[in-house]
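> Quick one, fold the following:
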Amino acid sequence: MRSLVKRIELVANLAIIVVAIILGVVLVKTYRRSSAAQTTATAAVRPGTNSFLGFTPNSRCQVSTGKRMDEHW
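Presented below is the predicted three-dimensional model:
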């Protein structure tokens, strides 16, 4: 009976270790994939590229010059 309990405990400990290793591998792969996607997305927009940010002449947003956006149009 005692050897059966020890075997069950050994199998449970091994299962915990295997699950921890698999979880670690999955997390590392996910982190690498998300990190690569972020660098690709940021590299796609080059400095000086014009992009529409959703501002309209009536939005009254402040820009770095301190003037309203509608004063520029």
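> all contacts plus neighbour counts: C-alpha atoms, from now on.
OK.
> low pLDDT regions in this structure?
Scanning the chain for pLDDT under 70 picks out 36-46, 50-73.
> Now do the helices in this structure.
2-44 (DSSP state H).
> Next, work out how far apart Val26 and Asn13 are.
20 Å (Cα to Cα, to the nearest Å).
> Count residues in the vicinity of Leu23, would you?
Under the neighbour criterion other Cα atoms under 10 Å, Leu23 is assigned a count of 12.
> any idea how far Ser35 is from it?
With Cα to Cα as the criterion, Leu23 and Ser35 are 18 Å apart.
> Distance of Val26 relative to Ile8?
For Val26 relative to Ile8 (Cα to Cα), the value is 27 Å.
> Oh, that last question was meant for Ser34, not what I typed.
Ser34 is 39 Å from Ile8, by Cα to Cα.
> same question, Arg32
Applying Cα to Cα to Arg32 and Ile8 gives a distance of 36 Å.
> And for Pro47?
Distance, Pro47 to Ile8, by Cα to Cα: 61 Å.
> got it, and Ile21?
Taking Cα to Cα, one finds Ile21 at 20 Å from Ile8.
> Likewise for Met1?
Relative to Ile8, and taking Cα to Cα, Met1 is found at 11 Å.
> Looking at these two, which has the bigger crowd around it?
Legend: neighbour count by other Cα under 10 Å for Met1 and Ile8, higher for Ile8 (11 against 5).
> Relative to Ala15, how far out is that one?
On the measure of Cα to Cα, Ile8 and Ala15 end up 10 Å apart.
> and Thr49, how many neighbours?
Counted with other Cα under 10 Å, residues neighbouring Thr49 total 6.
> Check Val26 too.
Other residues near Val26 number 12, with proximity taken as other Cα under 10 Å.
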